[in-house]
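>>> this is a predicted model, with the sequence first.
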Amino acid sequence: MSFQDLIDPKPKKVFLLANEAIARAALESDVKVAAFYPGSPTSEILDTMYLLSGKYDDIKMEVSINEKVALETVAGASMGGFRSLTSMKSVGLNVASDTFYTLGYTGVNAGCVLVVADDPHAHSSQSEQDGRYFAQTGHVPMLEPSTPEEAYQMIKYAFNLSEKFKILALVRTSTRVNHQYAPVNIGEVKRRPFIKNKWNDVKGKYFTLSDTARRLKSEAIEKLIKIEEDFNSLQFNKIIDGEGKVGVITSGVSFLYTLDALDNLNLKIPVLKLGTTYPIPKKLVSTFIKNLDKIIVIEELLPYLEQHIKIIAKDSDCGLEIFGKETGHLPYVGEYNVSIVIDVLSKIFEKNIKINYKEILKRSEELKKVIPKRFPVFCAGCPHRSTLWSLQQAVKGTNFVLNNDIGCYSMLQLEPYNLTDMMLCMGASQGISSGMQHVLNDKIISLVGDSTFFHAALPGLINAIHNQHDYTVFILDNSVTAMTGQQPNPGSDFGPNKVVEIDIESVVRGIGVQNILSINAYDLKNNVELIKQFLDKEGVKVIISHGPCALYNDRKKRASGVPIIPNKVSSEACKTIYACVRDFYCPAIELNMDTRQTEIQLDVCNGCMSCAKLCPVTAIKSVGSELK
Amino acid sequence: MKSYNILLTGVGGQGLMLLSQILGDACTSKDYPVVVGAQHGLAQRSGSISAHVRMGDVYSPLIPYGSADMIIAMEGMEALRYIEYLKEGGVIVMNSRIMHPPLETAPIVKNRQEKKEYITIDQIFQQLKKVTNKIISLDANLLALEAGNPRTENIVLLGAASTQKDFPLDSETLTNAIKRNVPEKTIEANLKALEIGRRQAEI
Ligand SMILES: Cc1ncc(C[n+]2csc(CCOP(=O)(O)OP(=O)(O)O)c2C)c(N)n1
């Protein structure tokens, strides 16, 4: 997008990321409150709303401490009579689920939309969780777009649906939808004036217990019956006519793979594309399957549609044969693509495949053997690299367990570090360390980032202090939530509105930690001894390592015209000792194959000076201000 | 419209997403159908990244294996890393620059007496030639400096790509899209980079 197009109130056709289209649709839907905690693949919804809220000052936008608080914030705004939006990644809804399930009972007032994005293939998540079951078990209607255009339209529809039935509306996406760009026909932005309501004018009852709970549950179920009626004829559910007695039922991005595959195989078979996947429009499905002998259900993750359709087919007693995951035709694991769909359809229809993709994959694997892997690594200048170098040196030769958490430092589990024993989900490093210190003799070390500290680690840490546990907490404070795109967290000094920066050290002191060590991440050699001594102390001890995220800090420097001055290796001084690369793994440092000396890539290095500090012969120096 | 699939590959931080944005915006301005499947995911620099740019009458955001008309690789190794997407005899427009990842350096340093070598661009060419002989390789880093901005490697490669037979976007459309999408003060360098890339490919 060009941001100008996105803020321009006029309708037009623009090339947009689905996540941008979602934010634009929310803007056009007159959303007044938006609250998020970042998480891939939804983070750009937050980022776009952040930008929009800078231009439209009637949007109250915040980056929340976690998903639970974000959902509560938007639900509260809806109860108060204004439209609101939140989005989160699949596992984010686990954190918000207590609130989510109860909102399914109480309902809401003004349109309240929750976007939840699953991540088939676990590209950037700890699991391939299937978020569709939340809708079903939470009594909340669910829409599933396939394209950016449809995401845009569904968000607008979802606001109306939510408002009409006073129910939370869920829009479920997946990575390949969120991160899909295409032309979108955006509409006009018309904002209503934002004057705070009086509770008496909008008042509802949002509590549930016992009798009320049972009543609210049956009300929710009644609403869903009515919603299903609407869904049976909704434009997002489409039947594409075709020939023969074999059809496909699909949804989301799998619909697009199906269309490509059918084109490729020159097949014209009937297809039912479901845009509403809870409640499933049973009448529509029955009509579709009535005249068919077989259907193939194409969906990623669990056989959610497949099982629902089996039930519908049994109820309508049409003797339908259903192919999918449960029959072994399609995989349970990983994301789908056109080739996978071509493969299954060609078998069922006994069609020849034009391109033998299995052969291609095999040959490519062979060809690629000569190139090394390029895993994600800590960026050049990343403070984590320096902190973790010191930690690695400090624990050499000791018995320890490393309980990691969720953030850029999660990469410690990858080659070449291979240095993680446990990493479950945000904040888990604390509770797991508590359990382990009860039963293990080793030093227990946990790592958390600043964002994760606030998000979910704090209760675990308080619990550990209260119960007098014995382990070490490293808080890697890089001032932002880096891994998802450097959004602010409660420890940051910026945000979409005015913020108060929460000082981590004061919090830790306030909850009663006696042993606190505050270090500068880039003082890496001196830190080794400090860390060593500290690890030997008793009780819960906290080391806070400070150093701003390099990406964030470099961007800030560029914006304010501060030069970024890289380092260079002096070929006279370098004695190929390799202290700058061993255990340090900076992507800016390569070897010169002729001299075997190290060399620094000027356009990658940001001059953090850590490698220079590691060099025993001081061969690394700043190039000086004359360059760049 | 007949489809044209381009796979963009490179290393995080090289401006690959901007390139896909320019291509998508260029298509949209001409009312060509286009869909781009981008790999966002993690924010770090220096990892391997790709974007699938699909023009014409196609639906899904991923190019099927063996179906890309062109790979534009911003880095040498990344031309080979996604080779399964290239169709038989497809075009590769690539940067001859290789960025050696820490994982390649680590074992060399660890076992220094073995005097292991980095992979070379010639070894990569050898592999690529088993799939296609249409390879355009440029020192985009050097050419970008010539254009006046080291961050215009992406546009140098775009310039070279645009000279290829069947490439669906004309130079005026690309120029306008670049103007709309790059920071104002870099427009001149970017347009120069486009021209330099084009000229190089025609040599
Ligand atoms: C429940 C949940 N919400 C969001 C995410 C997405 N996520 C992955 S890493 C990360 C950043 C954590 O930030 P921080 O702990 O400060 O570490 P940094 O990346 O800055 O090093 C987030 C939010 C997640 N994995 N789980």
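On my side now, so go ahead.
>>> for chain B, longest strand please?
With DSSP state E applied, the strand covering the greatest number of residues in chain B is identified as strand B:86-95.
>>> skip ahead from that strand and say which helix or strand is next.
Next in sequence after strand B:86-95, counting helices and strands by DSSP states H and E, comes helix B:102-110.
>>> need the residues that contact that following helix.
Outside of helix B:102-110, the residues within contact range by Cβ atoms under 8 Å, 6 or more residues apart in numbering or on different chains are A:372-375, A:377, A:415-416, A:578, A:581-582, A:585-587, A:589-591, B:114, B:116-119. (C-beta placed from N, C-alpha, C; glycine too.)
>>> return a PyMOL selection command for the buried portion of the residues you listed.
To isolate in PyMOL the members of those that are buried, counting by 16 or more other Cβ atoms under 10 Å in any protein chain shown, one can use:
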select buried, (chain A and resi 372+374+375+377+416+578+581+585+586+587+589+590+591) or (chain B and resi 119)
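>>> in strands only, show me the contacts of helix B:102-110.
By the criterion of DSSP E, membership of those in strands covers A:589-591.
>>> so how far is the longest helix anywhere in chain B from its chain's centroid?
Looking across chain B with DSSP state H, the single longest helix is helix B:187-202. Distance of helix B:187-202 from its chain centroid, counting by Cα atoms, centre = their mean, to the nearest Å, is 14 Å.
>>> show me where chain B dips below the pLDDT cut-off.
Segments of chain B classed as low confidence (criterion: pLDDT under 70) are B:40-41, B:43.
>>> if you could redo that for chain A, that was the one I meant.
For chain A, counting by pLDDT under 70, the residues that fall below are A:1, A:625-628.
>>> can you narrow the ones in strands among the contacts of helix B:102-110 to ones near chain B?
Near chain B, taking Cβ under 8 Å from any Cβ of the partner chain as the test, the members of the ones in strands among the contacts of helix B:102-110 found are A:589-591.
>>> between the residues you listed, which is nearest chain B?
Chain B has its nearest neighbour among those in A:E590, at 4.7 Å by Cβ to the nearest Cβ.
>>> what about the closest one, distance to B:R97?
Per Cβ to Cβ, to the nearest Å, A:E590 is found 11 Å from B:R97.
>>> then A:L52?
38 Å.
>>> secondary structure element for the most centrally placed residue in chain B?
By Cα atoms, centre = their mean, chain B has its centre lying nearest to B:I72, at 2.8 Å. Using DSSP H and E, B:I72 falls within strand B:68-73.
>>> now the angle from that strand to strand B:86-95?
An angle of 30 degrees separates the directions of strand B:68-73 and strand B:86-95 when computed by axes from the mean of the first three to the mean of the last three Cα atoms, to 10 degrees.
>>> strand B:68-73: how far from the chain's middle?
7 Å.
>>> and the helix or strand just after it, how far out from the chain middle?
Moving toward the C-terminus from strand B:68-73, the first helix or strand encountered (DSSP H and E) is helix B:76-81. On the basis of Cα atoms, centre = their mean, helix B:76-81 sits 10 Å off its chain's mean C-alpha point.
>>> tell me the residues of chain A that contact the ligand?
A:37-39, A:89, A:91-92, A:95, A:406-409, A:426, A:449-452, A:476, A:478, A:480-484 (Cβ under 6 Å from any ligand atom).
>>> of the residues you listed, grab the buried ones for ChimeraX.
A single ChimeraX command suffices to select whichever of those are buried according to 16+ other Cβ under 10 Å:
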select /A:37,38,39,89,91,92,95,406,407,408,409,426,449,450,451,452,476,478,480,481,482,483,484
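>>> for stretch A:231-238, buried residues please.
Using 16+ other Cβ under 10 Å as the test for burial, stretch A:231-238 gives A:231-232, A:234, A:236-237.
>>> tell me the residue furthest from the middle of chain B?
Chain B, Cα atoms, centre = their mean, max distance from centroid: B:Q113 (36.4 Å).
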